[in-house]
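A.B. asks: build me a model:
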Amino acid sequence: KCFGFDTAVEEAQGALLAAKVEASSGYNGLGIVKLMGRSSGFIAMQASMASGVVDVCLIPEVPFTLDKLKACVAGVLEKKGHCVLCVAEGAGQDILAAGSTATDASGNAILADVGTWLRDEFKKHFKGESDVKYIDPSYIIRSI
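C.D. replies: Residues are numbered from 1 along each chain as shown. I've put the predicted structure just below:
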């Protein structure tokens, strides 16, 4: 565990709880929260478990397919009427940035924005039958 991990997890829970409120306040509400985690999903997973409100957590270590994710979220919506999805920023890069070798000035891979991509994909999938909300607290958490 590194310096600041506990603080990041604690602050991330606030965003997840806000997503739960937003999701449960709308018709078939889906709250998507993108958290830090370029190469690992430790913060996303720990915050998800600690908050107790997350239904699906996507991390870079575990690949997923969009079709299976859509089916899973649809099942949660059918059962509970709302869903909270937490995603680490590095998750899904195999789908989004396949073959990309772009790097920033420090040599880090430039990641595609999985959060906005998921938001847009779910809005298209549910065609207005779900109230999709997206929260990206990354800079707020990094600045604590």
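A.B. asks: C-alpha only now, for contacts and for neighbours.
C.D. replies: Noted.
A.B. asks: quick check: pLDDT value at Glu11.
C.D. replies: Glu11 is assigned 93 on the pLDDT scale.
A.B. asks: does Ile95 sit in a helix or strand, and which one?
C.D. replies: Ile95 belongs to helix 93-96 when assigned by DSSP states H and E.
A.B. asks: how about residues contacting that helix?
C.D. replies: Helix 93-96 has contacts (CA atoms under 8 Å, 6 or more residues apart in numbering) with 60, 63, 111-112, 114.
A.B. asks: and for stretch 109-123?
C.D. replies: By CA under 8 Å, 6+ apart, the surrounding residues in contact with stretch 109-123 are 32-34, 38, 70, 87, 89-93, 96-97, 101-104, 130, 132-134, 136.
A.B. asks: out of the contacts of helix 93-96, the closest to Ala18 would be?
C.D. replies: Using CA to CA, Val114 comes nearest to Ala18 of those, at 19.5 Å.
A.B. asks: Leu66 versus that closest one, what's the distance?
C.D. replies: As defined by CA to CA, to the nearest Å, Val114 lies at a distance of 12 Å from Leu66.
A.B. asks: next one: phi and psi at His82?
C.D. replies: phi -160, psi 160 (degrees, to the nearest 10).
A.B. asks: contact partners for it?
C.D. replies: 23-24, 26-30, 76.
A.B. asks: neighbour count winner among Val114 and Leu66?
C.D. replies: The neighbour comparison of Val114 against Leu66 (other CA atoms under 10 Å) goes to Val114, with 20 against 13.
A.B. asks: give me the below-cutoff pLDDT ranges for this protein.
C.D. replies: Confidence mapping of the chain against pLDDT under 70 gives the ranges 1, 98-99.
A.B. asks: is the residue nearest the centre of it in a helix, a strand, or coil?
C.D. replies: In the chain, the residue lying closest to the centroid (CA atoms, centre = their mean) is Val87, at 2.3 Å. With DSSP: H, G, I helix; E, B strand; the rest coil as the basis, Val87 sits in strand.
A.B. asks: is it true that it touches Arg38?
C.D. replies: No - contact criterion CA atoms under 8 Å: Val87 and Arg38 do not qualify, at 10.6 Å.
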